[in-house]
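**Student:** Just need the structure, nothing else, for what follows:
(4 chains)
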Amino acid sequence: MFRRVLVANRGEIAQRIIRACRELGIETVAVYSEADADAIYLRQADETICIGPAASARSYLDVPSIISAAEIADVEAIHPGYGFLAENAHFAAVCQSCKIEFIGPSPETIAAVGNKAQARAIAIAAGVPVVPGSDGTIPDEETALRVAQEIGYPVMVKASSGGGGRGMRIASNEPSLLNGLHSAKAEALAAFGDDTVYLEKFVEHPRHIEVQILGDKEGKIVSLGERDCSIQRRHQKLIEEAPSPALTSEMRARICAAAVKMAEASNYHNAGTVEFLLDQNGDFFFIEVNARIQVEHTVTELVTGIDLIKEQLRIAAGYPLRFTQDEVVVRGHAIECRINAEDPARDFQPSPGLVEAFVPPGGPGVRVDSHCYSGYRIPPNYDSMIGKLLVHRGSREEAIRTMLRALDEFVIEGPKTTIPILRDILDHSDFKTSVHDTGFVERYFGAHPAISPRELG
Amino acid sequence: MFRRVLVANRGEIAQRIIRACRELGIETVAVYSEADADAIYLRQADETICIGPAASARSYLDVPSIISAAEIADVEAIHPGYGFLAENAHFAAVCQSCKIEFIGPSPETIAAVGNKAQARAIAIAAGVPVVPGSDGTIPDEETALRVAQEIGYPVMVKASSGGGGRGMRIASNEPSLLNGLHSAKAEALAAFGDDTVYLEKFVEHPRHIEVQILGDKEGKIVSLGERDCSIQRRHQKLIEEAPSPALTSEMRARICAAAVKMAEASNYHNAGTVEFLLDQNGDFFFIEVNARIQVEHTVTELVTGIDLIKEQLRIAAGYPLRFTQDEVVVRGHAIECRINAEDPARDFQPSPGLVEAFVPPGGPGVRVDSHCYSGYRIPPNYDSMIGKLLVHRGSREEAIRTMLRALDEFVIEGPKTTIPILRDILDHSDFKTSVHDTGFVERYFGAHPAISPRELG
Amino acid sequence: MDLKLIRNLLKLMERNEVTELEIEDEKAGLKVHLKRGHEPVAPVSPAPVVNLMSGAAAAPPPPPRGAEPAEPAAEERAPDVAEITSPMVGTFYTAASPEAEPFAPVGTTLDEETTVCIIEAMKVMNEIKAECRGEIFEVLVENGDAVEYGQPLFLVKTA
Amino acid sequence: MDLKLIRNLLKLMERNEVTELEIEDEKAGLKVHLKRGHEPVAPVSPAPVVNLMSGAAAAPPPPPRGAEPAEPAAEERAPDVAEITSPMVGTFYTAASPEAEPFAPVGTTLDEETTVCIIEAMKVMNEIKAECRGEIFEVLVENGDAVEYGQPLFLVKTA
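**Tutor:** Numbering: from 1, shown residues only, chains lettered A, B, ... in the order given. So this is what the prediction gives:
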């Protein structure tokens, strides 16, 4: 096992990785920007190194600074967490050339699955169902119009290097397709430096289902069941759960098998996620691979009892998987709520600053992953997620009740948070009966969010 | 199910009961003394009633005030928690006469098992092994000397109404027995108003093993496995775990069966604990029944997945048990550390006052049950326990590692706490290899506790 | 409007050492004015000066059940006004029976031994004595109300 | 002695609005004296005045790795002394090669363009310029030390 690992991230995922390392007896080196100098999780690292100013581009995204820190701290491996450099094939390759183990898949796999068109081609070749669409990228307007004709409107223009909803356009007729094609290209070029796009049928009222996979370096791959992440706002997940109440056990077996096939075809090792859309007929379509640990890996940990970060470290250190597919058992139901410092009443605008009071809920069935505390100052420079509140109970109904009481207990004074809207979503009959889809949040909590007035505290 | 329940307790157990009620959709009425007016858990109750000043005798122990609060708040049941009125047969009887359901066993059962000599007689009649000793109480010096002769020294003088180590004396010869007899009687009379005592063989180097049982009002009783509470200081438990690493599965089956027999013989319903001593030969002896929910019920919740407070409420409302003995499955390993506001370096003297910072640990496998928060003022009037830190992991070794990292993360500034000594105990080779007994803490952390110096924070 | 708001405000003030705070929320029809002095070193809760005025549109504040025994309208109270508080949890009665005259309507002259009300707890009728001299100035609780420990029942003009 | 202690003390002071704090721990051979001014409204961390004196028995304080870039000995520093801080993470070298003369030993006269040291990051030798005028007063880091972003490297007498 590694003796010493550098954590190339911040916030709750840096804390999560430090926790796993401590439990495995691995020393940790935490890097931080000046904006995070006060973060309490830094106290748990064996060594901390300031790598730059608040701006991510000069700290958490700065490859030379992080590699340099890894070299002077003499680590054997780097855990990139999620975001920042986690899916940067170049960074993974630099690590490799510096003889530092990158805790994640190979640079080649990251590059291959990171390109959406290429990932789609891999899926088709592996017999994994994909959303009907173009064979590869769209070279010109004529091809776009022809493909749209074949698959039928509405269609979606998607950037090959896209993500987070950027470089995406929906079109329901020819003029809007041509418009969307050009604006998606322009946006993708600006955001990702790559203006290639492809075309897909727009799946109406889908569920977002993703499958967690783990693969070792000997090529053995298992799935750890699915997560249902259909509660999203502008493609940002708000609530995730496992197992998905939308799947029958027969559908679950098929979608998990498809995920394993996709991972195999990508020569995948370490932890990853294969994302699918599930349509109203119960058909599912591959959409993308996330070649990293995800925010919501925690719900899978709760229902399987498997510590995914520890497994990532073991796999990266060269150990074979410690369990077979048959030994993975999903028990009970887990739900995660993302606690963001955002004001749901003002279009979710970020609400950084001093956290005057922070009293997390506890008790049976509750897990809190947060780097926040009373007196913490949320820096305005990064993601607004300040914590993840999770519950694990015997049934979905029980889990919802536990989550509601936990949200009610959660005291955060100072910044505005997503707690009120999370509460309203969990209490909504469509969510309780699980008839919701990915349009649920915009439909019911769109322009004028129906947030009930809440008292202070 | 009950519509409305009064919580006749304070601190973490009051919070625990409120949480269970909320999850079951039961309204809660929390009573509090003036010293607890600021407690944050009161915000989660549907109604709160001040029942008296700080002194327990005039608030949490004052039967008329609590009954009166129950009547004006129109509740159907009272949950007594642990301590205070939880094992007071008179209070349970008053509840009965007022047509308020007491959430616990019947007054008759509480009275019977609350008297140690009577409990011993029930155990003998039921064929449950007891520590060799006197048949009932000791009327005079002659009987004491004769019984001691029969069972062999060392022997123990114990008060019939004793508890918490009071009214107990160990004697290894005749003069010390006569001395001990008189001083134990005097102490018991002063503390409990009852000077009857009995004699038992002193079991050397025992483990403290207790079995959680649940019984419904139809007489069906199941055991939920054992807890090992051998880490004690002056008969106060510091660390509890489940399952016990000292038991083979054959011993486990026998000790659990004995607990169920004892509960049946006591006409027990609701949650209770049957305590045993396990000697170095692997023989176990009944010592007492705790006719209440216990502080450490939480470790059983973690390994069985059963919410004991919810089950207490269901049983009290008249529902039959929802599972059979075979359906109770123990998974993984759970450990609890009691976080007390005490200074281990100064003979564990209480350390109440302002909690300047309180940042509980979190992440995978961690559960925190605490009513504390940054800015909370620990009142000097009550028990010093300010929280329970629990972990649940696949194996005992993994659980110990998770507990160590969680203790390291726990930030409590202001009061002194037991965290440093808990850390040292968990890191001790005797604990790790589980060769410890109930004398472990006094042996290694006695007069001059070997606490490593710690930095602030 | 909830007394919990005050509790939370006070906690925020204490934590941030704010000595005075004024809020006017026209939508809620609510004005709050809080002042804090230096906290005494002694235990027990400090007695902050709380001045709570309900605006025209707002409902009158609920009885202080569920909050610490704060002292509403303390600032408006002259120094020669005392409080008689409830020594127990129970039901407040102004008179010995529904037909009887109230023990202590406004204007009643008191000495320490004067019975001012009855509090019923566990079917027992407890006669409550004034324990101060003066004249009843205001009855703060309605006949038949549930009262908690420490809850103010009467205001007494002591001078 | 750990700089985390200072960080924690500062945090406690900030939370409780303490403006000055003195600790003498004879057992640890430690004296700490902290003063806080008013926090600026601007973001970034305030620059508290930290006066840290190691007692006779205590080890000298370790380099400030792991702590925010505090300014030790700020009070003792005259207003005409500037700092040259590290613009990157890397390894500090006083000279271009083991055999070469140091770029900037104590007493060296500087202008903005003077090279004062080399910081190696990812096998690249980065020449660091003084970016101020004056005379080297103290070299705060040893040859071959790892340095982090913002860590003070030299003190420069600017007047």
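**Student:** so which strand or helix has the nearest residue to A:Glu47 once chain neighbours are set aside?
**Tutor:** Closest residue to A:Glu47 apart from its sequence neighbours, by C-beta to C-beta, 6 or more residues apart in numbering or on different chains: A:Val29 at 4.6 Å. To be clear about C-beta, it is placed using only N, CA and C from the backbone, and glycine gets the same treatment. In the assignment (DSSP states H and E), A:Val29 maps to strand A:27-33.
**Student:** same check, this time on A:Ile78
**Tutor:** With DSSP H and E as the criterion, A:Ile78 is inside strand A:77-79.
**Student:** from memory A:Ile72 sits against D:Gly144, does it?
**Tutor:** No. Under the criterion of C-beta atoms under 8 Å, A:Ile72 lies out of contact with D:Gly144, with a separation of 10.4 Å.
**Student:** between the two, who's got more neighbours?
**Tutor:** Of the pair A:Ile72 and D:Gly144, A:Ile72 is the one with more neighbours under other C-beta atoms under 10 Å in any protein chain shown, namely 22 against 11.
**Student:** ends of stretch A:314-321, how far apart?
**Tutor:** Using C-alpha to C-alpha, to the nearest Å, the gap from the first to the last residue of stretch A:314-321 comes to 8 Å.
**Student:** which of the residues in it are buried?
**Tutor:** Judged by neighbour count using 16 or more other C-beta atoms under 10 Å in any protein chain shown, the buried positions of stretch A:314-321 are A:Arg314, A:Ile315, A:Ala316, A:Ala317, A:Leu321.
**Student:** what's around the closest residue to A:Ser374 other than its chain neighbours, how many residues?
**Tutor:** Leaving aside its chain neighbours, A:Ser374 sits nearest to B:Ser374 (3.7 Å; criterion: C-beta to C-beta, 6+ apart). When neighbours are defined as other C-beta under 10 Å, B:Ser374 has 23 of them.
**Student:** is the strand holding A:Ile78 up against chain D anywhere?
**Tutor:** No. Strand A:77-79 stays clear of chain D (C-beta under 8 Å from any C-beta of the partner chain), getting no nearer than 13.4 Å.
**Student:** So which of the buried residues of stretch A:314-321 reach chain B?
**Tutor:** Counting by C-beta under 8 Å from any C-beta, the subset of these that neighbours chain B is empty.
**Student:** which stretches of chain C aren't confidently modelled?
**Tutor:** C:1-79 (pLDDT under 70).
**Student:** Please parse it into its domains.
**Tutor:** Each structural domain of chain C that the record assigns through automatic domain parsing is listed here as a residue range: C:3-35, C:77-157.
**Student:** ok, back up a step: the strand holding A:Val29 - contacts with which helices or strands?
**Tutor:** For strand A:27-33, the elements it packs on are strand A:4-7, helix A:11-24, strand A:47-52, helix A:63-72, judged by 3 or more C-beta pairs under 8 Å, 6 or more residues apart in numbering or on different chains; DSSP states H and E.
**Student:** Tell me who's in contact with the spatially closest residue to A:Glu218 that is not a sequence neighbour.
**Tutor:** Excluding the flanking residues, the one nearest A:Glu218 by C-beta to C-beta, 6+ apart is A:Pro320, at 5.5 Å. Contacts were defined as C-beta atoms under 8 Å, 6 or more residues apart in numbering or on different chains; by that measure A:Pro320 touches A:Asp216, A:Lys217, A:Glu218, A:Lys220.
**Student:** Save those as a markdown table, and put in neighbour count, secondary structure and pLDDT too.
**Tutor:** Listed next are the contacts of A:Pro320 as a markdown table, based on neighbours: other C-beta atoms under 10 Å in any protein chain shown; DSSP: H, G, I helix; E, B strand; the rest coil; pLDDT from 0 to 100:
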| residue | neighbour count | secondary structure | pLDDT |
| --- | --- | --- | --- |
| A:Asp216 | 19 | coil | 98 |
| A:Lys217 | 15 | coil | 97 |
| A:Glu218 | 12 | coil | 97 |
| A:Lys220 | 15 | coil | 98 |
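**Student:** now these in a markdown table, with distance to B:Val411?
**Tutor:** Formatted as a markdown table, those follow (distance: C-beta to C-beta, whole Å):
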| residue | distance to B:Val411 |
| --- | --- |
| A:Asp216 | 37 |
| A:Lys217 | 38 |
| A:Glu218 | 42 |
| A:Lys220 | 41 |
